[in-house]
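*Asks:* Here you go, sequence then predicted model.
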Amino acid sequence: MAISSKEIEFNFNEDQMRLKIRALEQSLEKVYLGGGQKRIDKLHKAGKLSARERIKLLLDKGCEIQEIGAFAGHGMYEEYGGCPSGGVIVVIGMVSGRRCVIVANDATVKAGAWFPITGKKNLRAQEIAMENHLPIIYLVDSAGVFLPMQEEIFADKEHFGRIFRNNAKMSAQGIVQIAAVMGSCVAGGAYLPIMSDESLIVNKTGTIFLAGSYLVKAAIGENIDNETLGGAKTHTEISGVCDYQVESDKECLSTIRDLMDKIGTPESAGFDRGTSFEPKSAIKKVYGILPAERSKPYKSRELLKCLVDDSKFTEYKAGFGKTMITAYARIDGWSVGIVMNNRELVKNGKGEMQFGGVIYSDAADKAARFIMNCNQKNIPLVFIHDVTGFMVGSKSEHSGIIKDGAKMVNAMANSVVPKFSIVIGNSYGAGNYAMCGKAYDPRLIVGWPTAEIAVMSGAAAAKTLLQIEISSLKAKGEKITAAKEKELFDKIKNKYDEQISPYYAASRLWIDAIIDPKETRKVISIGIDAANHKKSVEKYNVGVIQT
């Protein structure tokens, strides 16, 4: 039986996606080792657990989790030996039946020292807790600021000090904060556990002080050991700084679970959840639907059927603004409003051909109206990115593309229902903004291994930059041969391609995670469950929108 060209293409796409997923899994295996097995073994000899082991014991058995920023710091700080996961592990999970955020310093990475990306990742964890009114648990084991880079983490608004500002703000908002000192906790970092609601300290391994014994000796000439200066007995029996002394990591984590078990029931934002149904179209079918060649069109609705409950959705204005799909559906039982770029070639109502993945005026207008409807109905929004940007050219400009694009951005930016972004393919230029990129406060934003985030594609950017480079060289009197031009193009494109990869974005926390497409439903479900802990106190108001 002959295999059709469509089947061949589907199988090729599937193979390419599986290769990307395997590469993702291999990269994560390295990330999960933190500073390496030897350093983990050293912790064990000292009677301590690693950060990931601590989190595993703290979480409810079998609960689904979402890690934030696993690739933070990926490929960065190589001159200092790297900084896997930014030296801190952040997880959204369940502890004693309560959804919460867990932040654990990884002492295998430069003794848990804070690099610039560490600070950014900690602030992201606190942002998630504050946006969703979730309890936050800190498992502290850190040597403090990484001094060789102190100028990039110490004094600015989004630097180290913002952590303690957030501690105070969360306390005022009634967000539960529990801190466990399970290793070093020095200098400015000592304020974090004490600005939390309750603090624990592990005997013999946990220490808290503004200055260690060496600095104390240098500053005031006092001879004292670290344990006497700021150990568990000192801070639970003399200073009263900590509330609970525990004898081991395991006892510490068990005590935190007991404390979490006693906190009050959270309020609900009232997001609707019904019975969850698996999609009729298998989720892994997306592996073959999404083209390996990112410029090719594909049937976006078929892909959407792999993500939503029972493969059912109710499309809003299906015949208008066809380069955008707007639909009501359920994901793991949760009611959602979906805004998705349509990558099929379509004809508008005037019979004019429109390119898939491009936002035209009618599509932007439709999306704006749909977003407003979802806010009116208290329905969370899910944005699925595969967008090359807004349509350009005289026809679009004359039809008011800027006005309609601004209308969509305005409606989305002022949304008071939670927003979630899934970057499945391209996310270029202003299209990234309109589809709720990181700058627009999505509660979670994740990318598939096929995601690309940039001003424009690698090829388009390389062609633009190449012309600038050639003009510059010609102005200097250089002759540009065809071979030289190709060499310049390849050099520019290779650099740009590296910068638009999902790993580059994840390393800088432009996205929270890179995920296997089959995890998409789980991510959205965890995100909405977290968001359901906080009612919006804002009234939806889009301000001035030109019609």
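*Replies:* Thanks, I have the structure now. Here the structure is a predicted model, which means the values were calculated and not measured.
*Asks:* Check which residues of the helix ranked longest in the chain are buried.
*Replies:* Looking across the chain with DSSP state H, the single longest helix is helix 5-31. Residues 9, 10, 13, 14, 16, 17, 20, 21, 24, 27, 31 are the ones in helix 5-31 that count as buried (16 or more other CB atoms under 10 Å). All C-beta spots, glycine's among them, are computed from the backbone N, C-alpha and C.
*Asks:* Could you single out the nearest of these to residue 154?
*Replies:* The closest of those to residue 154 turns out to be residue 31 (CB to CB; 26.6 Å).
*Asks:* Give the full set of residues in contact with that closest one.
*Replies:* 70, 71, 74, 84, 85 (CB atoms under 8 Å, 6 or more residues apart in numbering).
*Asks:* Which one of the residues you listed is nearest to residue 237?
*Replies:* Nearest member of these to residue 237, counting by CB to CB, is residue 85, at 35.5 Å.
*Asks:* Surely that closest one touches residue 34?
*Replies:* Yes: using CB atoms under 8 Å, residue 85 is in contact with residue 34, at 6.8 Å.
*Asks:* which residue sits closest to residue 375 in space, ignoring its chain neighbours?
*Replies:* residue 540 (4.2 Å; CB to CB, 6 or more residues apart in numbering).
*Asks:* average pLDDT across the longest helix of the chain?
*Replies:* Mean pLDDT, computed over helix 5-31, is 96.
*Asks:* Could you identify the helix or strand that succeeds that helix?
*Replies:* Where DSSP states H and E defines the elements, the next helix or strand beyond helix 5-31 is helix 37-45.
*Asks:* name the helices or strands packed onto that next one?
*Replies:* Here helix 37-45 touches no other helix or strand, going by 3 or more CB pairs under 8 Å, 6 or more residues apart in numbering; DSSP states H and E.
*Asks:* Name the next helix or strand downstream of it, please.
*Replies:* helix 51-58.
*Asks:* Model confidence score at residue 343, please.
*Replies:* Residue 343 is given a pLDDT of 96.
*Asks:* Residue 404: what secondary structure?
*Replies:* Here residue 404 is helix, with the state taken from DSSP: H, G, I helix; E, B strand; the rest coil.
*Asks:* from now on call the first residue 16
*Replies:* Got it, first residue is 16 now, which makes that one residue 419.
*Asks:* right, and it touches residue 382 too?
*Replies:* No: Residue 419 is beyond contact range of residue 382, at 9.3 Å (criterion: CB under 8 Å).
*Asks:* joint contacts of these two?
*Replies:* By CB under 8 Å, 6+ apart, no residue touches both residue 419 and residue 382.
*Asks:* follow-up on the earlier one: the contacts of residue 46 in strands, which ones?
*Replies:* Using DSSP state E, no member of these sits in strands.
*Asks:* quick one: which helix or strand includes residue 335?
*Replies:* Short version, using DSSP H and E: residue 335 is in no helix or strand.
*Asks:* just to revisit the earlier point, between residue 419 and residue 382, who's got more neighbours?
*Replies:* Per other CB atoms under 10 Å, whichever of residue 419 and residue 382 has more neighbours is residue 382, with 31 against 26.
*Asks:* which residues sit in contact with the more buried one?
*Replies:* By CB under 8 Å, 6+ apart, the neighbours of residue 382 are 336, 339, 341, 354, 374, 423, 426, 427, 449.
*Asks:* Could you dump the contacts of residue 46 into JSON lines and include neighbour count and distance to residue 256?
*Replies:* Shown next, in JSON lines, are the contacts of residue 46 (neighbours: other CB atoms under 10 Å; distance: CB to CB, whole Å):
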{"residue": "85", "neighbour count": "22", "distance to residue 256": "33"}
{"residue": "86", "neighbour count": "26", "distance to residue 256": "35"}
{"residue": "89", "neighbour count": "23", "distance to residue 256": "36"}
{"residue": "99", "neighbour count": "23", "distance to residue 256": "31"}
{"residue": "100", "neighbour count": "26", "distance to residue 256": "29"}
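*Asks:* ok, of those residues, which one's closest to residue 528?
*Replies:* Looking across the contacts of residue 46 and measuring by CB to CB, the closest to residue 528 is residue 85, at 6.3 Å.
*Asks:* wait, doesn't the closest one sit right on residue 528?
*Replies:* Yes: the criterion here is CB under 8 Å, and residue 85 meets it with residue 528 at 6.3 Å.
*Asks:* what do these two both touch?
*Replies:* Joint contacts of residue 85 and residue 528 (CB under 8 Å, 6+ apart) are residue 521.
*Asks:* At which residues are the helices of the stretch 166-315 of the chain located?
*Replies:* 176-188, 206-209, 228-235, 241-245, 247-248, 264-275, 301-304, 315-320 (DSSP state H, counting those that start in this stretch).
*Asks:* would a markdown table of the ones you listed with mean neighbour count be doable?
*Replies:* Formatted as a markdown table, the helices of the stretch 166-315 of the chain follow (neighbours: other CB atoms under 10 Å):
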| stretch | mean neighbour count |
| --- | --- |
| helix 176-188 | 16 |
| helix 206-209 | 21 |
| helix 228-235 | 12 |
| helix 241-245 | 18 |
| helix 247-248 | 18 |
| helix 264-275 | 19 |
| helix 301-304 | 22 |
| helix 315-320 | 20 |
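*Asks:* Ok, which of the ones you listed comes nearest residue 76?
*Replies:* Nearest to residue 76, of the helices of the stretch 166-315 of the chain and by CB to CB, is helix 264-275 at 11.2 Å.
*Asks:* Report all helices and strands that the closest one contacts.
*Replies:* helix 66-73, strand 103-110, strand 192-201, strand 213-217, strand 259-261.
*Asks:* If we use 10 Å, what do you get?
*Replies:* Counting contacts by 3 or more CB pairs under 10 Å, 6 or more residues apart in numbering; DSSP states H and E, helix 264-275 packs against helix 66-73, strand 103-110, strand 113-120, strand 151-157, strand 192-201, strand 213-217, strand 259-261.
*Asks:* Just the pLDDT at residue 560, thanks.
*Replies:* 67.
*Asks:* for residue 551, same thing?
*Replies:* Value for residue 551, per-residue pLDDT: 87.
*Asks:* do the same with residue 502
*Replies:* The model's pLDDT for residue 502 equals 83.
*Asks:* buried stuff in stretch 403-420?
*Replies:* 403, 404, 405, 406, 411, 416, 419, 420.
*Asks:* repeat for stretch 454-465
*Replies:* 455, 457, 458, 459, 460, 461, 462, 463, 464, 465.
*Asks:* could those go into TSV alongside secondary structure, distance to residue 289 and pLDDT?
*Replies:* Shown next, in TSV, are the buried residues of stretch 454-465 (DSSP: H, G, I helix; E, B strand; the rest coil; distance: CB to CB, whole Å; pLDDT from 0 to 100):
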residue	secondary structure	distance to residue 289	pLDDT
455	helix	28	97
457	coil	24	98
458	coil	21	98
459	strand	22	98
460	strand	26	98
461	strand	24	98
462	strand	28	98
463	coil	27	98
464	coil	31	98
465	coil	31	97
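*Asks:* Which residue ranges of the stretch 316-465 of the chain form strands?
*Replies:* 328-330, 339-346, 349-356, 361-362, 368-369, 373-374, 396-402, 404-405, 434-443, 459-462 (DSSP state E, counting those that start in this stretch).
*Asks:* between these, which gets nearest to residue 311?
*Replies:* Going by CB to CB, the one of the strands of the stretch 316-465 of the chain nearest residue 311 is strand 434-443, 10.4 Å.
*Asks:* give me the low-pLDDT residue ranges for the chain?
*Replies:* Scanning the chain for pLDDT under 70 picks out the ranges 16, 559-562.
*Asks:* Verify the contact between residue 396 and residue 386 for me.
*Replies:* Yes: in this structure, residue 396 is within contact of residue 386 by CB atoms under 10 Å, at 6.5 Å.
*Asks:* what residues are shared contacts of the two?
*Replies:* By CB atoms under 10 Å, 6 or more residues apart in numbering, residue 396 and residue 386 have these common neighbours: 341, 352, 354, 427, 430, 432, 434, 451.
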